[in-house]
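Enquirer: sequence first, predicted coordinates after that:
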Amino acid sequence: MKSLGLKKVSENLTNDFPAIEYREYILKNGLKVVLCNTGNIPIAAVNTTYHTGSRDEIVGKTGLAHLIEHLMFEGSPNIPRGKFDEILAKNGGESNAYTTRDFTSYFISVPSSHLETAFWLDSDRLSGFGITNESLEIQKDVIIEEKLMYNDNSPYGSLDEEISKRLYDGTNYSWPVIGKMDDIRNMNLKDVEDFYNKHYTPSNTVISVTGDIEYERTIELIEKYYGEIFCSLNETKTEIYPKKITKETSAYIKDDIHLEGKFIFYQIPPAGTKEFYSFKILSGILSSGESSRFFQELEYKNNLVHEADSSAFSYEKSGVFMISAIALKGKDMQIIENKINGIIEDIISGNINDREFNKIINRLETRFSSRLQSIVGLSDRFSYLKTIHNDCSKINFEINDYLVLTKKDISDAAGKYLNQNQRIVLNYIPK
């Protein structure tokens with residue numbers, strides 16, 4: 001095991017927030033470990049993140065990463081189907097998981113006195129494939145129902161699928177994480193096992209443990225339960241090269257809705273870049289609270305929309321800036337789009353005042369200062385930073401990436417990436 005040591009960062013901080021100290025290790029099989037003792041409440045959180053998601057699937061086998069997430073609770077070599085949650089509950093714990101395009105994350109929270117039980121349960125899932133065909137068929141049905149409920153039969157529920165195939169055409173980001181219905185139905189046990197064996201390996205895994213823990217004892221337990229798990233050869237990650245958008249694309253989609261919706265998407269740089277942080281601030285200026293641009297112009301003054309929103313989010317290889325507006329009954333969507341265009345043009349021209357800029361900065365500082373309030377959230381953040389950026393120090397320094405930005409940075413980013421010839425517009429209309 002290689003210890004990367006205790007990260008004593010307080011003397012290097014360039015902000016006024018108390019430093020979070022943590023330790024990093026790498027086991028001989030390549031498993032990466034992050035430990036953070038937050039003390040006080042006798043609870044511990046274990047986050048296990050695998051650097052694999054829907055981008056590692058192939059055409060015809062979409063939805064595999066999400067399907068395996070479900071199946072990882074359905075039995076492993078030494079834990080029969082149905083026992084994982086039962087054992088965890090008896091020890092006062094709970095668990096959940098989620099899948100993205102780039103990674104799959106599992107988390108357990110448990111009284112710190114039962115941390116070893118959490119490691120035993122979690123490590124057994126990584127130690128070998130233990131899924132049965134019965135479990136596979138059950139979870140396929142569960143996911144099909146999930147897709148029908150939240151995507152196919154939900155208002156605007158097809159949005160992710162509709163934008164992905166346009167924004168990332170020709171790449172492995174072009175299908176939704178949940179997968180396509182026919183692919184899910186046709187999945188077999190060999191498909192699942194092949195994906196598991198390729199991607200669920202120690203060298204492709206980060207484990208972050210936070211809460212009331214002792215460093216030496218915790219790493220001893222991790223060595224005990226994870227250290228002897230065999231690691232196959234390092235996999236080659238699926239590269240993503242999004243095509244640059246050079247002209248506006250617009251589409252009309254009929255849906256079972258009552259109110260028309262307009263959704264505008266732009267490609268932007270991914271998280272970790274100056275531009276991405278600029279767009280996070282811009283999103284706040286546009287749509288955060290009743291003093292925001294969208295609320296004032298689209299709702300309060302002109303009574304055009306039921307709601308309007310914006311967000312900047314990121315995959316590992318690409319960022320997205322989205323603007324959405326749900327029109328009030330009978331309102332003209334073109335007028336709404338013109339208003340949105342005018343607001344963006346005003347931002348690009350440099351018209352950002354101190355009040356709206358500082359409001360968002362203050363909110364970001366408040367959110368950053370509360371990052372210790374949830375040990376589950378903290379463990380998840382450590383795993384994300386290590387998996388995607390290979391840099392846990394951002395847990396203390398990422399706020400600086402916002403604090404150094406100026407109003408001009410926001411306008412410049414908008415001017416570079418939010419032009420009308422660089423976007424995709426989806427118009428949802430009632431059937």
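Expert: Yep, that arrived.
Enquirer: outside of the helix or strand containing residue 44 itself, list whatever touches it.
Expert: Assigning secondary structure by DSSP states H and E places residue 44 in strand 43-50. With contact meaning C-beta atoms under 8 Å, 6 or more residues apart in numbering, strand 43-50 is reached by 103-112, 115, 118-119, 122, 126, 199-200, 204-213, 375-376, 378-380, 382-384, 386-387. In short, each C-beta sits where N, CA and C put it, glycine included.
Enquirer: inside helices: which ones of those residues?
Expert: Among those, the residues falling in helices (DSSP state H) are 115, 118-119, 122, 126, 199, 375-376, 378-380, 382-384.
Enquirer: circling back to that earlier point, what's the angle between the strand holding residue 44 and helix 375-384?
Expert: On the basis of axes from the mean of the first three to the mean of the last three C-alpha atoms, to 10 degrees, strand 43-50 is oriented at 30 degrees to helix 375-384.
Enquirer: mind listing what strand 43-50 pairs with, with the direction of each?
Expert: Here strand 43-50 has these sheet partners by DSSP bridges: strand 104-111 (antiparallel), strand 205-211 (antiparallel).
Enquirer: identify whichever of those strands lies nearest to residue 133.
Expert: strand 104-111 (21.7 Å; C-beta to C-beta).
Enquirer: which non-adjacent residue is nearest residue 35?
Expert: Closest residue in space to residue 35, ignoring its immediate chain neighbours: residue 23 at 4.7 Å, by C-beta to C-beta, 6 or more residues apart in numbering.
Enquirer: which element is that neighbour on?
Expert: Using DSSP H and E, residue 23 sits in strand 22-26.
Enquirer: show residues contacting the very next helix or strand once past that strand.
Expert: Moving toward the C-terminus from strand 22-26, the next helix or strand (DSSP H and E) is strand 32-37. Applying C-beta under 8 Å, 6+ apart, the contact partners of strand 32-37 are 20-27, 205-215, 218-219, 222, 378-379, 382-383, 386, 392.
Enquirer: weed out the non-buried ones from these.
Expert: 20-25, 27, 205-213, 215, 218-219, 222, 378-379, 382-383, 386, 392 (16 or more other C-beta atoms under 10 Å).
Enquirer: ok, back up a step: please identify which of the strands paired with strand 43-50 is closest to residue 416.
Expert: Here strand 104-111 is closest among the strands paired with strand 43-50 (C-beta to C-beta), at 32.0 Å.
Enquirer: for the most centrally placed residue in the chain, which non-adjacent residue is closest in space?
Expert: Nearest to the mean C-alpha position of the chain, counting by C-alpha atoms, centre = their mean, stands residue 100 at 5.9 Å. Distances taken as C-beta to C-beta, 6+ apart put residue 53 closest to residue 100, at 4.9 Å, once the chain neighbours are dropped.
Enquirer: you'd agree the one you found is up against residue 65?
Expert: Yes - assessed by C-beta atoms under 8 Å, residue 53 is found in contact with residue 65 at 5.0 Å.
Enquirer: how distant is stretch 138-145 from the center of its chain?
Expert: Relative to the centre of its chain, stretch 138-145 is centred 22 Å away, using C-alpha atoms, centre = their mean, to the nearest Å.
Enquirer: in it, what's buried?
Expert: For stretch 138-145, a neighbour-count test (16+ other C-beta under 10 Å) marks 139, 140, 143, 144 as buried.
Enquirer: coming back round to it: how about the strands paired with strand 43-50 in JSON lines, adding mean pLDDT?
Expert: Formatted as JSON lines, the strands paired with strand 43-50 follow (pLDDT from 0 to 100):
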{"stretch": "strand 104-111", "mean pLDDT": "98"}
{"stretch": "strand 205-211", "mean pLDDT": "98"}
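Enquirer: and residue 308, which of these is closest to it?
Expert: That would be strand 104-111 among the strands paired with strand 43-50, by C-beta to C-beta, at 30.6 Å.
Enquirer: got the contact list for stretch 64-73?
Expert: Outside stretch 64-73, the residues touching it (C-beta under 8 Å, 6+ apart) are 52-54, 56-57, 84-85, 95, 97-99, 104, 106, 125, 131, 135-136, 139-140, 142-143, 177-179, 184, 187, 191-192, 195-196, 199-200.
Enquirer: strands - which of those land there?
Expert: Of the contacts of stretch 64-73, the ones assigned to strands by DSSP state E are 95, 97, 98, 99, 104, 106.
Enquirer: quick one: which of those is nearest residue 287?
Expert: residue 98 (24.2 Å).
Enquirer: that closest one reaches residue 105, doesn't it?
Expert: Yes - at 5.7 Å, residue 98 counts as touching residue 105 under the criterion of C-beta under 8 Å.
Enquirer: out of the two, which sits in the busier spot?
Expert: Higher neighbour count among residue 98 and residue 105: residue 105, with 22 against 14, using other C-beta atoms under 10 Å.
Enquirer: low-confidence regions, the protein specifically.
Expert: Scanning the chain with the threshold set as pLDDT under 70 gives 1-15, 233-236.
Enquirer: rerun at 50
Expert: For the chain, the stretches flagged by pLDDT under 50 are 8-11.
Enquirer: can you pull out the helices in the stretch 101-250 of the chain?
Expert: Taking DSSP state H, counting those that start in this stretch as the test, the helices found in the stretch 101-250 of the chain are 115-127, 133-147, 159-167, 181-186, 189-199, 215-226.
Enquirer: what are the buried residues along the fifth one?
Expert: Taking 16+ other C-beta under 10 Å as the basis for neighbour counts, the residues of helix 189-199 that come out buried are 191, 192, 195, 196, 199.
Enquirer: pull the most distant pair out of these.
Expert: 191 and 199 (12.6 Å).
Enquirer: next, the buried residues of stretch 248-267.
Expert: Result for stretch 248-267 [16+ other C-beta under 10 Å]: buried residues 253, 255, 257, 259, 260, 261, 262, 263, 264, 265, 266, 267.
Enquirer: am I right that the third one is in a helix?
Expert: No - the assignment for residue 257, made by DSSP: H, G, I helix; E, B strand; the rest coil, is coil rather than a helix.
Enquirer: ok, the nearest residue to it once chain neighbours are set aside - contacts?
Expert: Excluding the flanking residues, the one nearest residue 257 by C-beta to C-beta, 6+ apart is residue 155, at 4.7 Å. Counting by C-beta under 8 Å, 6+ apart, residue 155 touches 255, 256, 257.
Enquirer: phi first, then psi, for the last one.
Expert: Per-residue torsions, residue 257: phi -130, psi 160 (degrees, to the nearest 10).
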